[in-house]
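Peer 1: Everything below, folded, please.
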Amino acid sequence: MKTTLKYYLILLSIPLIAIAFMAQSGGATSGGATGSPGDVAGAPSGASGDCLMCHANSGNYNTGLEIIITPTPTNGYALGQTYAITVNQTSTGASEHGFQITAENSVASKAGTFAVTDAVHTQVQSFNHYVTHTKAGDDEISWSFNWTAPLTDNGIITFYAATIAGNPNGNGTTTTNSQMATATYLIGGVLGINQSKLLGFSMFPNPSNGQVTLQLPTDTNQAKVSVFDYLGKLLMQKSVSSLNNTIDVSNLNSGIYFVRIETDTKVGTKKLILR
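Peer 2: Residues are numbered from 1 along each chain as shown. Next up is the predicted model:
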């Protein structure tokens, strides 16, 4: 009987925890509501994969949306470069607003990572693959943050954003009295790399169990070695001044990483597999 009662209490606590989490996040979606191909594929059967999973589209606020990226990636994106992004919403007569944005490549895999520059009004979600508003951000119509391009060529990358505008129903939400707008921003493939600025180096063994030897070109005097995880997070960095260097990455878990070596004039990146 005690076991049954404990099981019942656990089941009862699950929705209460979910409600508490939603209240803490200010009603912002927890990921997967931009209408992107990946979000649509990951949505429950018959769901739209955008804001309309939680909000109605019955309002009439002339809602609009634009995505601005700086510096403008006219010819493509630079590997590992950080770009400033602003999402601007336009609407008429709405008092509350919200948004979410993600980036995907042509096979609907998430590309690059987001980082907040205004933690009061924006927050990242789902391993930094989304940015959305906070409760304090409901009063805003413009949100700014950063996106760092992937370290390897992902081909064409598309940003998918969805925004909602509305007025409270009387119970503190805009669930039914709202209107959605969506926008996309396409970036061509990775920028062409000038071969004269591409650093060639050897890295072995690869796969590795923790000790990796880096063999640099003979004309290298000083270089900076950086190790990133597959999300683009910097994990370690060191300066080297010899042609053959051994780095210890035994403190890292098994998985896929990227090693980038930079000199004053050249840069090169290779994938490292740790067992």
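Peer 1: Any regions of the stretch 151-275 of the chain where pLDDT drops low?
Peer 2: 170-176, 193-196, 231 (pLDDT under 70).
Peer 1: same thing but 80
Peer 2: Within the stretch 151-275 of the chain, the ranges that satisfy pLDDT under 80 run 168-177, 192-197, 230-233.
Peer 1: contacting residues around the residue nearest to A149 when sequence neighbours are not counted?
Peer 2: Using CB to CB, 6 or more residues apart in numbering and skipping the chain neighbours, the partner closest in space to A149 is Y77 (4.3 Å). Yep, even glycine has a C-beta here, placed from its N, CA and C like the rest. Contact partners of Y77, counting by CB atoms under 8 Å, 6 or more residues apart in numbering, are Y83, A149, I157, I187, V190, L191.
Peer 1: Using PDB, write down the CA coordinates of whichever helix or strand L65 is part of.
Peer 2: L65 belongs to strand 64-70 when elements are defined using DSSP states H and E. Taking Å, rounded to 0.1, in the frame of the first residue of the first chain, the C-alpha atoms of strand 64-70 are listed here in PDB:
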ATOM      1  CA  GLY A  64       5.400  41.400 -38.600                       C
ATOM      2  CA  LEU A  65       8.900  40.100 -38.000                       C
ATOM      3  CA  GLU A  66      12.400  40.700 -39.300                       C
ATOM      4  CA  ILE A  67      15.800  39.200 -38.600                       C
ATOM      5  CA  ILE A  68      18.900  41.400 -38.800                       C
ATOM      6  CA  ILE A  69      22.400  39.800 -38.700                       C
ATOM      7  CA  THR A  70      25.600  41.900 -38.200                       C
END
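Peer 1: Partner strands of the next helix or strand after that strand and their direction?
Peer 2: The element immediately downstream of strand 64-70 (helix or strand, assigned by DSSP H and E) is strand 82-90. Taking DSSP bridges as the criterion, strand 82-90 forms sheet pairs with strand 64-70 (antiparallel), strand 142-148 (antiparallel).
Peer 1: list the buried ones in strand 82-90?
Peer 2: For strand 82-90, the neighbour count (16 or more other CB atoms under 10 Å) marks Y83, I85, V87, N88, Q89, T90 as buried.
Peer 1: Give me the helices and strands touching the helix or strand just after it, please.
Peer 2: Using DSSP H and E, the next helix or strand after strand 82-90 towards the C-terminus is strand 96-104. Judged by 3 or more CB pairs under 8 Å, 6 or more residues apart in numbering; DSSP states H and E, the packing partners of strand 96-104 are helix 37-42, strand 82-90, strand 130-133, strand 157-166.
Peer 1: The very next helix or strand once past strand 96-104 packs against which elements?
Peer 2: Sequence order places strand 113-116 as the next helix or strand after strand 96-104, per DSSP H and E. On a contact count with 3+ CB pairs under 8 Å, 6+ apart, strand 113-116 meets strand 122-125, strand 130-133, strand 142-148.
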